[in-house]
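# Here is a sequence together with a model predicted from it:
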Amino acid sequence: MVFLLPSVKFDLAMIQKYDTRAPRYTSYPPATELNETFTETDFKTAIAASNQRNTPLSLYFHIPFCQSACYFCGCNTVISNNKRIAKPYVEYLAQEIKHTAAFINPERKVLQIHWGGGTPNYLERDQIEFLWKNINRYFSIDEKAEVSIEINPRYIDRNYILFLRQIGFNRISFGIQDFNRQVQVAVNRIQPEEMLFDVMSWIREAKFDSVNVDLIYGLPYQTHDTFRETIKKTIELDPDRIVVFNFAYVPWLKPVQKNIPQDALPLPQEKLEILKMTIEELTNNQYLFIGMDHFAKTNDELAIAQRNSTLKRNFQGYTTHAETELFGFGSTSISMLEDAYVQNHKELQDYYRAIAAGVLPISKGIKLNQNDIIRRDVIMGIMSHFQLSKQDIEDRYHIKFNKYFAEELEALKPLESDGLVSLSTNYIEITDIGRLLVRNIAVIFDTHTRTKQTKFSRAI
Ligand SMILES: C[S@@+](CC[C@H](N)C(=O)[O-])C[C@H]1O[C@@H](n2cnc3c(N)ncnc32)[C@H](O)[C@@H]1O
Ligand code: SF4
């Protein structure tokens, strides 16, 4: 495969022309396709098939709790200052680990672990230790495994960070969103600059291998100038990775967002200018554009994985270790096996009830057919590498690419005329201009979504 240096060009006319709604392709088929006809028996069958493949594992643990509500938040969270609510959760989570692990071959190596939320640092240290022991008891964790955790910088101190590193976490991620005080007040998340720089210095002192920070553009009171300051300070903070999310404003789904004054949200034109400036500033300051909303330094694993073609998307975004199958634990978490995706109950009471009844706490899932698997390979190739070798797909699935995807290749022609893709005998390549619109190119290969595009957020 010819390696393409990841670069990106901001073309306003093309963004305005092609910015329609499309899934984020953290999976294919998208998570919206999971349904309740999928049963516990289906999941056990899928796990048995996964044991036969003997692939290495990624594990995800979801901690849904947060101390206070950020008004922009679109995650599945339970807000409470009463920390006692975490106690039963931790116990049920340990039971789920034990119960599910009984079906998984214990010799399969775990290469990746991620704790997300919510706010994993909502837990007390002894609760983290208890879960950590349980994970170690039932899984064999590779000594070089990437073990990452998301933290909220407002509720952490130096000792807690040193503790996380000492127990075995070696990657860490925290939300900044915006440095600007007015924006922070409007979204109910005040975190002074000194606090963020302190947290980063403790993380560096603890010697984490990689640090990620999250920003969001499109928040109330943001302007091109204020966000330029945020980007400048973020570069000074010097994380290894930066994710710049587009604010998903869905108050009809997330009532907490109704607290945001709608007339303070930046207009589409302003958002585009913010995005353009962000891309220019980051790529001029040693961050590579990985794809969608991810940026990483050249020596970070994400950039290396992109160079080695081992980059992958899972429901957290871009990730390394394409060869693993993912098991998710905790409420709402998703497992992604080669040919089946499964999601746990979202409501804590449903999740607890299932575990108490001795069944796997799943609420829905989907079994992939061969057509889904071929299309996933194509879509993920486009999303992760901006380049697809038709020959690779033909060799893997014994199909004639041009015949199988005749309709899609035809649909790509206008995008080729507009300079978003380049179509050659052997390759489909996404141009620098097409990279920001990669979801809109991928959707052409997506038979599940084509007819129902309105459900998804805008690409930009
Ligand atoms: C689970 S949180 C990260 C960990 C921790 N809870 C925190 O807030 O620092 C994941 C990230 O999702 C992003 N996020 C949350 N709601 C969002 C929304 N509505 N639109 C875009 N990004 C959002 C934020 O950047 C947030 O940092
Ligand atoms: S952004 Fe993080 S801390 Fe804030 S409510 Fe969402 S999950 Fe909790």
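Sure, I can see it. Ligands and ions are numbered 1, 2, ... in the order given.
# Report the residue ranges of every domain in the protein.
Annotated domains of the chain cover 1-24+374-460, 30-329 [automatic domain parsing].
# show me where the stretch 351-460 of the chain has strands.
Shown for the stretch 351-460 of the chain, the strands assigned by DSSP state E, counting those that start in this stretch span residues 362-367, 387-389, 421-423, 427-430.
# Kindly present the ones you listed as JSON lines, with separate columns for mean pLDDT.
Output for the strands of the stretch 351-460 of the chain, formatted as JSON lines (pLDDT from 0 to 100):
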{"stretch": "strand 362-367", "mean pLDDT": "98"}
{"stretch": "strand 387-389", "mean pLDDT": "94"}
{"stretch": "strand 421-423", "mean pLDDT": "96"}
{"stretch": "strand 427-430", "mean pLDDT": "96"}
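# out of those strands, which comes closest to ligand 1?
Judged by Cβ to the nearest ligand atom, the one of those that comes nearest to ligand 1 is strand 362-367, at 20.3 Å. For glycine as for every other residue, the C-beta is placed from the backbone atoms N, C-alpha and C.
# Please identify the buried residues of that closest one?
Within strand 362-367, the residues that qualify as buried by neighbour count (16 or more other Cβ atoms under 10 Å) are 362-367.
# Tell me which other helices or strands it touches.
helix 40-53, strand 340-344 (3 or more Cβ pairs under 8 Å, 6 or more residues apart in numbering; DSSP states H and E).
# Listing partners with orientation, what would you give for the last one?
This points to strand 340-344. Counting by DSSP bridges, the strands paired with strand 340-344 are strand 334-337 (antiparallel), strand 362-367 (antiparallel).
# rewinding a little: of all the buried residues of strand 362-367, which two lie farthest apart?
Spanning the widest gap among the buried residues of strand 362-367 are S363 and K367, at 15.4 Å by Cβ to Cβ.
# Any chance of CSV for the strands of the stretch 351-460 of the chain, columns distance to K17?
Listed next are these as CSV, based on distance: least, Cβ to Cβ, whole Å:
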stretch, distance to K17
strand 362-367, 33
strand 387-389, 23
strand 421-423, 14
strand 427-430, 16
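# next one: phi and psi at the closest residue to ligand 2 within the stretch 201-350 of the chain?
Nearest to ligand 2, among the residues of the stretch 201-350 of the chain, is V256, at 7.8 Å (Cβ to the nearest ligand atom). Note on V256: its backbone torsions stand at phi -60, psi -30 [degrees, to the nearest 10].
# Compute the number of surrounding residues for it.
As a burial measure, V256 scores 17 neighbours (other Cβ atoms under 10 Å).
# so it sits right up against G74, yeah?
No: in terms of Cβ atoms under 8 Å, V256 does not count as a neighbour of G74; the distance is 9.0 Å.
# can you list the weak-confidence ranges in this structure?
By pLDDT under 70, the low-scoring segments of the chain are 1-6, 451-460.
# interface residues of it facing ligand 2?
Counting by Cβ under 6 Å from any ligand atom, the residues of the chain close to ligand 2 are 66, 69-70, 73, 75, 77, 117-119, 152, 175.
# before we move on, the earlier item: want to throw the domains of the chain into TSV with distance to Y351?
Shown next, in TSV, are the domains of the chain (distance: least, Cβ to Cβ, whole Å):
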stretch	distance to Y351
domain 1-24+374-460	25
domain 30-329	7
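# Now tabulate those domains in a markdown table and tack on distance to ligand 1.
A markdown table is the format used below for the domains of the chain (distance: least, Cβ to the nearest ligand atom, whole Å):
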| stretch | distance to ligand 1 |
| --- | --- |
| domain 1-24+374-460 | 8 |
| domain 30-329 | 3 |
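# Between the two ends of stretch 240-257, how far is it?
When the termini of stretch 240-257 are compared using Cα to Cα, to the nearest Å, they are 30 Å apart.
# can you list contacts of whichever strand or helix holds N136?
N136 belongs to helix 125-138 when assigned by DSSP states H and E. Outside of helix 125-138, the residues within contact range by Cβ atoms under 8 Å, 6 or more residues apart in numbering are 59, 61, 86-87, 90, 93-94, 97-98, 101, 106, 113, 120, 123, 141, 160, 163-164, 167-168.
# Restricted to strands, list those.
Within those, membership in strands is found for 59, 61, 113, 141, as judged by DSSP state E.
# which of the residues you listed has the most neighbours?
For the ones in strands among the contacts of helix 125-138, neighbours were counted using other Cβ under 10 Å, and L59 has the most, 26 neighbours in all.
# how about the helices and strands packed on strand 362-367 in JSON lines, adding mean neighbour count?
JSON lines is the format used below for the helices and strands packed on strand 362-367 (neighbours: other Cβ atoms under 10 Å):
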{"stretch": "helix 40-53", "mean neighbour count": "15"}
{"stretch": "strand 340-344", "mean neighbour count": "24"}
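# Could you give the bridge partners of L57?
For L57, the beta-bridge partners under DSSP bridges are V110, E325.
# Show the contacting residues for it.
For L57, the contact set (Cβ under 8 Å, 6+ apart) comprises 104, 108-112, 139, 324-327.
# what's the answer for M200, then?
Contacts for M200 were tallied using Cβ under 8 Å, 6+ apart; they are 211, 237-239.
# Could I get the phi/psi values of it?
phi -60, psi -40.
# How much space separates it from F174?
Counting by Cβ to Cβ, to the nearest Å, the gap from M200 to F174 is 8 Å.
# Need the overlap of contacts for these two.
Common neighbours of M200 and F174, counting by Cβ under 8 Å, 6+ apart, are V211.
# if we can go back for a sec, okay if I get the residues of the chain next to ligand 2 as a markdown table plus neighbour count, distance to A296 and secondary structure?
What follows is the residues of the chain next to ligand 2, written out as a markdown table (neighbours: other Cβ atoms under 10 Å; distance: Cβ to Cβ, whole Å; DSSP: H, G, I helix; E, B strand; the rest coil):
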| residue | neighbour count | distance to A296 | secondary structure |
| --- | --- | --- | --- |
| C66 | 21 | 27 | strand |
| A69 | 14 | 30 | coil |
| C70 | 22 | 25 | coil |
| C73 | 21 | 24 | coil |
| C75 | 16 | 22 | coil |
| T77 | 20 | 27 | coil |
| G117 | 24 | 22 | strand |
| G118 | 24 | 24 | coil |
| T119 | 24 | 24 | coil |
| N152 | 21 | 22 | coil |
| G175 | 22 | 17 | strand |
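# can you redo the residues you listed as a markdown table with distance to H224?
Below are the residues of the chain next to ligand 2 laid out as a markdown table (distance: Cβ to Cβ, whole Å):
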| residue | distance to H224 |
| --- | --- |
| C66 | 30 |
| A69 | 28 |
| C70 | 23 |
| C73 | 24 |
| C75 | 27 |
| T77 | 30 |
| G117 | 31 |
| G118 | 32 |
| T119 | 31 |
| N152 | 27 |
| G175 | 22 |
